[in-house]
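**Q** Next one to model:
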Amino acid sequence: MRTIDKRIAPPVKLAASLVARAPTLTLAYDARCKSRLAATLDTGEEVALVMPRGTILAGGDVLVADDGALVRVVAAPEAVLVVRAPDALTRTRAAYHLGNRHTPVEIGVDYLKLEADPVLETMLKRLGAQVARETLPFHPEAGAYGGGHRHGHDATFAEDYALAQQVFAEHHGHHHHEGEDESKHVHGHSHDHDHPRDHDHGDCNGCGNNHSHEH
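**A** Alright, predicted model coming up:
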């Protein structure tokens, strides 16, 4: 069994004809979140996908197998909700409430797209948004600090949060003086997110849990 363990990232450019001849690997979003996966190419060949932890594959990515062969990733069509709004305020409120639930969201010029979820569909309609059930490829927004999607209960969330703190400190000159009481810099807080009681966040790097969020 071949192992696919590398992704060709920009600025490396490959000839279009070379990429077009590469066999394809069609994966839904949940599968594209996994760093370890037994998969089947569209040719029928079984392969092992081994990516660095935290990698989120996207449609169009080009991977390299251990024998040097190329494989092209295709985002599989899946059940999604396409959300549009009659005005900017409604669209902003919809995005806010989805973000408050740590929901992966694809952001378009005039739409939001998320995995099909009847509880969220009801919430969005109550906000005044127009929601359509469709079957389309799903490419949610990546993490704002350079990583992929970070869920509040992923092991990798701590890494993304630490990076966010570092960026803030660099821009605001915040640092500890030697001997300074560290307790002054501990910002204790808790916040409860209003989550649908039965909402399932799906399995992305093992984060599929039905739970309420209390930090």
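
**Q** now this structure, which segments are flagged as low pLDDT?
**A** Of all residues in the chain, those with pLDDT under 70 make up the ranges 143-215.

**Q** show me where it has helices.
**A** Ranges of helices in the chain, per DSSP state H, are 16-21, 29-32, 88-100, 118-126, 157-172.

**Q** relative to helix 118-126, how tilted is the third one?
**A** Meaning helix 88-100. Put simply, helix 88-100 runs at 160 degrees to helix 118-126, going by axes from the mean of the first three to the mean of the last three C-alpha atoms, to 10 degrees.

**Q** in helix 88-100, what's buried?
**A** If you call a residue buried by 16 or more other C-beta atoms under 10 Å, then helix 88-100 has these buried ones: 90-91, 93-95, 97-98. In short, each C-beta sits where N, CA and C put it, glycine included.

**Q** Give me the helices and strands touching it, please.
**A** strand 78-84, strand 112-115, helix 118-126 (3 or more C-beta pairs under 8 Å, 6 or more residues apart in numbering; DSSP states H and E).

**Q** Extract the C-alpha set from that helix and format it as PDB.
**A** Written as PDB, here are the backbone C-alpha positions of helix 88-100 (Å, rounded to 0.1, in the frame of the first residue of the first chain):
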ATOM      1  CA  ALA A  88     -26.000  42.900   5.800                       C
ATOM      2  CA  LEU A  89     -27.200  43.000   9.400                       C
ATOM      3  CA  THR A  90     -29.000  39.700   9.100                       C
ATOM      4  CA  ARG A  91     -26.000  38.100   7.500                       C
ATOM      5  CA  THR A  92     -23.700  39.500  10.200                       C
ATOM      6  CA  ARG A  93     -25.900  38.200  12.900                       C
ATOM      7  CA  ALA A  94     -26.000  34.800  11.300                       C
ATOM      8  CA  ALA A  95     -22.200  34.700  11.100                       C
ATOM      9  CA  TYR A  96     -21.900  35.800  14.700                       C
ATOM     10  CA  HIS A  97     -24.200  33.100  16.100                       C
ATOM     11  CA  LEU A  98     -22.500  30.400  14.000                       C
ATOM     12  CA  GLY A  99     -19.100  31.500  15.200                       C
ATOM     13  CA  ASN A 100     -20.400  31.500  18.800                       C
END
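
**Q** what comes into contact with it?
**A** Helix 88-100 is contacted by residues 83-85, 105, 107, 112, 114, 120, 123-124, 127-129, 193-194 when judged by C-beta atoms under 8 Å, 6 or more residues apart in numbering.
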